[in-house]
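# Sharing a sequence plus its predicted fold:
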Amino acid sequence: MLTKFKLSYYTGPFVIACLVLIAGYFEPLSSEWLAYDRYAIEGMETWRLFTGNLVHTNFNHLMLNLAGLILLTLLHFPHYRPLRFIKVFTWCALGTSLGIYFFSPTLIGYAGLSGALHGVFVWGACMDIRKKINSGWLLLAGVIGKITYEQMFGSAQEIADLINATVAIDAHLYGGIAGFMLFLIMPGLGMKLAKKSA
């Protein structure tokens, strides 16, 4: 059954996209002050745990991640309300950065949406499963397979060349875990959504 169009479904992703574009416009100053930087965070610049997810290494990197955000929005927009999406994105972004900080100490710098997007993707697939949308299982298996492959064999060199940086595969792992954990600790979220959709 098709879901009726509601502008509110897209408000949250639109806000994130605007923040990313604004950060991109003010590069390289944005990355200087906002990118994840382990040493700066240790110097109490803790805002970088979130803002590092909004800046990018170059224009190609920014466009790839915005394309990912658009794809996720098209896949899972019925699950989104403005504040809900921003909350999910924020926690996935923080989960990504905290995972890097505590479990990948050799990763000194990080920038980009991809870790948080992996988390939002996992959360959306789990929401599909909760609503008995069978494709959710396929999407969840796909993202788990992608993350597992990256952990075993690394990412494609072509992507690294395109974004002018090493692909931070650990960020994808931590983002995915954050999205799944968020789904588990917010059990009421799916119930409320199911009632509204009924």
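Done, it's in. Numbering: from 1, shown residues only.

# what about this protein, any weak spots by pLDDT?
Low-confidence segments of the chain (pLDDT under 70): 1-5, 187-198.

# in it, which helix has the most residues?
Determined from DSSP state H, the single longest helix within the chain is helix 82-103.

# mind checking how far stretch 155-164 is from the chain centre?
Taking C-alpha atoms, centre = their mean, to the nearest Å, one finds stretch 155-164 lying 19 Å from the centre of the chain it belongs to.

# sorry, that was for stretch 173-190
The answer for stretch 173-190 is 12 Å, by C-alpha atoms, centre = their mean.

# Just the C-alpha atoms of that stretch, please, in CSV.
What follows is stretch 173-190, C-alpha atoms only, in CSV (Å, rounded to 0.1, in the frame of the first residue of the first chain):
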residue,chain,number,x,y,z
LEU,A,173,30.5,-0.5,11.7
TYR,A,174,29.9,1.8,14.7
GLY,A,175,27.1,3.7,13.0
GLY,A,176,25.4,0.4,12.2
ILE,A,177,25.7,-0.8,15.8
ALA,A,178,24.4,2.6,17.1
GLY,A,179,21.3,2.4,14.8
PHE,A,180,20.5,-1.2,16.0
MET,A,181,21.0,-0.3,19.6
LEU,A,182,18.8,2.8,19.2
PHE,A,183,16.1,0.6,17.8
LEU,A,184,16.4,-1.8,20.7
ILE,A,185,16.3,0.9,23.4
MET,A,186,13.3,2.8,21.9
PRO,A,187,10.7,0.1,21.8
GLY,A,188,7.8,2.5,22.2
LEU,A,189,8.8,4.3,19.0
GLY,A,190,7.7,1.5,16.7
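
# Would you mark the buried spots in it?
Neighbour counts over stretch 173-190 (16 or more other C-beta atoms under 10 Å) mark 173-183, 186, 189-190 as buried. Yep, even glycine has a C-beta here, placed from its N, CA and C like the rest.

# what's the answer for stretch 150-160, then?
In stretch 150-160, counting by 16+ other C-beta under 10 Å, buried: residue 150.

# Give me the contacts around that stretch.
With contact meaning C-beta atoms under 8 Å, 6 or more residues apart in numbering, stretch 150-160 is reached by 166, 167, 169, 172, 173.

# before we move on, back to that, any chance you could give me the longest helix of the chain in PDB, C-alpha atoms only?
What follows is helix 82-103, C-alpha atoms only, in PDB (Å, rounded to 0.1, in the frame of the first residue of the first chain):
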ATOM      1  CA  PRO A  82      10.900  15.900  11.800                       C
ATOM      2  CA  LEU A  83      12.100  15.500  15.400                       C
ATOM      3  CA  ARG A  84      12.300  11.700  15.200                       C
ATOM      4  CA  PHE A  85      14.600  11.700  12.300                       C
ATOM      5  CA  ILE A  86      16.900  14.400  13.800                       C
ATOM      6  CA  LYS A  87      17.000  12.400  17.100                       C
ATOM      7  CA  VAL A  88      17.900   9.200  15.300                       C
ATOM      8  CA  PHE A  89      20.500  10.900  13.100                       C
ATOM      9  CA  THR A  90      22.000  12.700  16.100                       C
ATOM     10  CA  TRP A  91      22.400   9.500  18.200                       C
ATOM     11  CA  CYS A  92      23.800   7.600  15.300                       C
ATOM     12  CA  ALA A  93      26.300  10.400  14.600                       C
ATOM     13  CA  LEU A  94      27.300  10.400  18.200                       C
ATOM     14  CA  GLY A  95      27.500   6.600  18.300                       C
ATOM     15  CA  THR A  96      29.800   6.700  15.300                       C
ATOM     16  CA  SER A  97      32.100   9.200  16.800                       C
ATOM     17  CA  LEU A  98      32.200   7.700  20.200                       C
ATOM     18  CA  GLY A  99      32.900   4.300  18.700                       C
ATOM     19  CA  ILE A 100      35.800   5.700  16.800                       C
ATOM     20  CA  TYR A 101      37.100   7.500  19.900                       C
ATOM     21  CA  PHE A 102      37.000   4.500  22.200                       C
ATOM     22  CA  PHE A 103      37.600   1.600  19.900                       C
END
